[in-house]
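In: Quick one: sequence plus predicted model below, questions after.
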Amino acid sequence: MNIKSLILGSAAALVAGGAAQAADLPVAEPVDYVKVCDAYGAGYFFIPGTDTCLKISGYARTEATFNEGDRATQKFDLWARGQVNFEAKEETEFGTLSSHVRFEGDVGKGEDGNIDLKRAYMTLGGFYAGYLTTAGIVDYAGDMYGGDYDLGDTEAGQIGYNMALGNGVTATLGIANNKHLGDVNGILPGNGFAGQTLPTLVARLKVDQAWGSVSVGGLVSQARYDSAIYDNEVAYSVAAGGLFNLDMLSEGSNLALNGFYTKGAMAWNGVGNSTYMSDASMDGTDYELNELYGVSASLKYAFADNLWAIVAGGYGEYDDKGTTDYDYDFYTVSGEVGYKPVKNLKIIAGIQYTDRDFDYATSADTEVWEGKLRLQRDF
């Protein structure tokens, strides 16, 4: 055996032995890295191994509140809120399939802490279903105060359809669970109130343009009395509002307007006093639907893209049709200043005055000053 043959034989043996040892080693699985999804805007990424794009957002907020009141009330409070949103989207042959989930929790306000499911709904093209703000809501308000006399920010279980009509016009029609002031869960009969037999019909027409946005919305519902022996009546609310850009003053400035009228559907409103309000009152031997209306406006002036001020006000009246006259009117005025020292951090300081005057129960009249300082980190 010559030297050449020895070297070649040794090399072949080493290769064969290395191959045998390599066959005994575990095979590494391919790594599926998280990839950015830019089809739906910033913040989305692909869920590994799927075609679904996910976005996580929310905020952490701390707020100090001083509320003028008697010694029996808690005038000063320091509390915190956290919110987390999950949005998942992917394309299908029927359009974009998406789901939206929101969790929110407070700590403070006399509570040790809670976490609530605030939104849970899906959309496919224009179709939507789940728990979300009702389509009949028309709400253009300020950051912290804003008059707050709109149709309300009311969530309910619902199914509906958004139809894009072109040129920024959208029409929405849907059905939702009925809500009642005396029925804490808004779905099942409670506290002696009769249960729903028909869903609430909600509708809205909205126009979005470069100059701003306007909406007209409403809902038709059942007035559910505190005794099932009485027949249900038709209750309803209608609202209109708009947000108008005032870039001629400064970029980011705007004017917001709201107005609404409600007959017998008080639980859908974000205003009033639920201690005295009800959908209907006994007038002799039968029920009659009560009425509520309100108007509000807010003006925002942007000194810079990170500094702004808002002044707002609102007025409303509640007309009780019962033999015990709990009619009252109410108004608020407010002002706030907001500042963003760095990206995604807001500092807002505001003050609000509220006055409520009753025609009959004058002992329930209230005049309250409230001040707030809010720190909020968005993500």
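Out: Ah, there it is.
In: check contacts around Asp329.
Out: Contact partners of Asp329, counting by C-beta atoms under 8 Å, 6 or more residues apart in numbering, are Tyr315, Gly316, Glu317, Tyr318, Arg356, Asp357. Backbone N, C-alpha and C define where each C-beta goes, glycine included.
In: Would you show me how to pick out the buried ones of those in PyMOL?
Out: Applying 16 or more other C-beta atoms under 10 Å to those leaves a buried subset, and the PyMOL line that selects it is:
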select buried, resi 315+316+318+356
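In: Generate CSV for the contacts of Asp329, with distance to Ala156, secondary structure and pLDDT as supplementary columns.
Out: Formatted as CSV, those follow (distance: C-beta to C-beta, whole Å; DSSP: H, G, I helix; E, B strand; the rest coil; pLDDT from 0 to 100):
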residue, distance to Ala156, secondary structure, pLDDT
Tyr315, 27, strand, 89
Gly316, 22, strand, 87
Glu317, 26, strand, 89
Tyr318, 22, strand, 87
Arg356, 27, strand, 85
Asp357, 32, strand, 86
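In: Any chance of the contacts of Asp329 in CSV with distance to Tyr145 as columns?
Out: Output for the contacts of Asp329, formatted as CSV (distance: C-beta to C-beta, whole Å):
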residue, distance to Tyr145
Tyr315, 15
Gly316, 15
Glu317, 20
Tyr318, 21
Arg356, 16
Asp357, 20
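In: ok, the contacts of Asp329 vs Leu292, which is closest?
Out: Tyr318 (5.0 Å; C-beta to C-beta).
In: how close does that closest one get to Ser237?
Out: According to C-beta to C-beta, to the nearest Å, Tyr318 and Ser237 sit 13 Å apart.
In: Now do the helices in the chain.
Out: 3-24 (DSSP state H).
In: which residue packs closest to Arg356, ignoring adjacent ones?
Out: Of all residues not flanking Arg356 in the chain, Phe330 sits nearest, at 4.2 Å (C-beta to C-beta, 6 or more residues apart in numbering).
In: give me the number of residues near the one you found?
Out: As a burial measure, Phe330 scores 20 neighbours (other C-beta atoms under 10 Å).
In: Where do the strands of the stretch 151-300 of the chain begin and end?
Out: Counting by DSSP state E, counting those that start in this stretch, the stretch 151-300 of the chain has strands at residues 155-166, 169-176, 200-209, 212-223, 233-245, 254-263, 280-283, 286-289, 291-304.
In: burial of Gly322, as a residue count?
Out: Other residues lying near Gly322 total 16 when counted by other C-beta under 10 Å.
In: Let me know whether it touches Asp283 as I believe.
Out: Yes. The pair Gly322 and Asp283 passes the contact test of C-beta atoms under 8 Å, sitting 5.7 Å apart.
In: out of all of them, which strand in this protein is the longest?
Out: Counting residues, the longest strand in the chain under DSSP state E turns out to be strand 76-92.
In: quick one: strands adjacent to that strand?
Out: strand 53-67 (antiparallel), strand 95-107 (antiparallel) (DSSP bridges).
In: chain center to that strand, what's the gap?
Out: Chain-centre distance of strand 76-92: 10 Å, with C-alpha atoms, centre = their mean, to the nearest Å.
In: For that strand, buried residues please.
Out: For strand 76-92, by 16+ other C-beta under 10 Å, it's Arg81, Gln83, Val84, Asn85, Phe86, Glu87, Ala88, Lys89, Glu90.
In: quick one: which of the residues you listed is nearest Asp365?
Out: Arg81 (30.9 Å).
In: from memory Asn306 sits against Asn344, does it?
Out: No. Using C-beta under 8 Å, Asn306 makes no contact with Asn344, being 11.1 Å away.
In: more crowded one of the two?
Out: Asn306 (15 against 10).
In: What residue, apart from its backbone neighbours, is nearest that one spatially?
Out: In space, Asn306 comes closest to Lys340 once its chain neighbours are excluded; the distance is 3.8 Å by C-beta to C-beta, 6+ apart.
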